[in-house]
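> Test case, fold it:
(one chain, ligands or ions: 1)
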Amino acid sequence: MQKTVLITGANRGIGLEFVKQYHSAGYQVIATTRNPLAQDGLKVFSQANPDVKVISVDISDDKQLAGLASMLKDQPIDILISNAGYYGPKGEASQFGQVNHQEWIKTFNINTIAPLKLIEAIHSNLIAGKEKKVAFLSSKMGSMADNSSGGSYIYRSSKAALNAVIKSLSVDLEKDKINVVSLHPGWVQTEMGGVNALIDTQTSVKGMTKIITKLNSKNSGEFIAYDGKKIPW
Ligand SMILES: NC(=O)c1ccc[n+]([C@@H]2O[C@H](COP(=O)([O-])OP(=O)(O)OC[C@H]3O[C@@H](n4cnc5c(N)ncnc54)[C@H](OP(=O)(O)O)[C@@H]3O)[C@@H](O)[C@H]2O)c1
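Predicted structure coming up:
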């Protein structure tokens, strides 16, 4: 039977590339976006490939997550890619002395709390799936061990806290045989990564899908980069 992957933040960047690669691997793809009417890369791809199901969700809104769950009904989800993310303000509003309180809360809502609320909302769909895998787009910026340059309080703390969420999920979801992984996609050429980033979305996503394929109960809860290297917490 055809397997199903659900990808959040699928309208651009890394999320859109996950849509393309899982579609070409033969998966039924459910792609979420905040604005399904926008003329963007997802619109072009889903018009050319009408089997791609597009659902409108702002992941930081619990009511919209409940709406997603009721739309999915008892549809099994084999793989969930929790990709949607927000950097927050670049520059002064994220640096010592000027950190913006409201932006910090917004970033935490999107990067840390929403991924957990998403799993809570579609837990039964994941249990019904055969692969039972969840991949979270985290970041090496959330690693304590890797932080030698300081700053970026908002983004760093949101991804470090996401890693704590993922670790707890790896313990709590063991009984359901759901395996989870925290992924660092590399520094990737997207709106977030910018034009000076080191790798393109194809390279990043190709590497991450390999890691997801190998995800099992023994490596559940690990923090792994797109090139397969483990990242210290
Ligand atoms: N690019 C990098 O170098 C890099 C490095 C490390 C980690 N990451 C992580 O990789 C993931 C994807 O990054 P990217 O580079 O592809 O970023 P991007 O180009 O900025 O895309 C971010 C995606 O997240 C969506 N999003 C943001 N807030 C949302 C919300 N409240 N509800 C639903 N969707 C929301 C955006 O939707 P809209 O278009 O509606 O805003 C967009 O689809 C993120 O979690 C990011 O933190 C990226």
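> pLDDT score for A93?
With respect to pLDDT, A93 scores 82.
> what does M1 give?
M1 is given a pLDDT of 87.
> how far away is it from Y27?
Computed as Cβ to Cβ, to the nearest Å, the M1 to Y27 distance reads 11 Å. Quick note: C-beta positions are derived from backbone N, CA and C, even for glycine.
> what's the longest helix in the chain?
helix 153-172 (DSSP state H).
> pretty sure T209 contacts Y22?
Yes. Between T209 and Y22 there is a contact at 7.3 Å, judged by Cβ atoms under 8 Å.
> of M1 and Y27, who's got more company?
A direct count of neighbours by other Cβ atoms under 10 Å for M1 and Y27 places Y27 higher, at 22 against 7.
> which phi and psi does G151 have?
phi 60, psi -160 (degrees, to the nearest 10).
> Now do it against the ligand, distance only.
16 Å (Cβ to the nearest ligand atom, to the nearest Å).
> Count residues in the vicinity of that residue, would you?
When neighbours are counted by other Cβ under 10 Å, G151 comes out with 14.
> what residues are up against the closest residue to it other than its chain neighbours?
Distances taken as Cβ to Cβ, 6 or more residues apart in numbering place Q95 nearest to G151, at 5.3 Å, with adjacent residues excluded. Applying Cβ atoms under 8 Å, 6 or more residues apart in numbering to Q95 gives the contacts 151-153.
> Which elements pack onto the longest helix of the chain?
Helix 153-172 sits against helix 101-108, helix 114-121, strand 133-137, strand 179-184, with contacts defined as 3 or more Cβ pairs under 8 Å, 6 or more residues apart in numbering; DSSP states H and E.
> Walk me through which strands the third one pairs with, and which way each runs.
It stands for strand 133-137. The pairing partners recorded for strand 133-137 under DSSP bridges are strand 79-82 (parallel), strand 179-184 (parallel).
> Output the contacts of Q95 as JSON lines; include the columns pLDDT.
Listed next are those as JSON lines, based on pLDDT from 0 to 100:
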{"residue": "G151", "pLDDT": "94"}
{"residue": "S152", "pLDDT": "95"}
{"residue": "Y153", "pLDDT": "96"}
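> Could you provide these in JSON lines, with additional columns for distance to K230?
Formatted as JSON lines, the contacts of Q95 follow (distance: Cβ to Cβ, whole Å):
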{"residue": "G151", "distance to K230": "25"}
{"residue": "S152", "distance to K230": "22"}
{"residue": "Y153", "distance to K230": "25"}
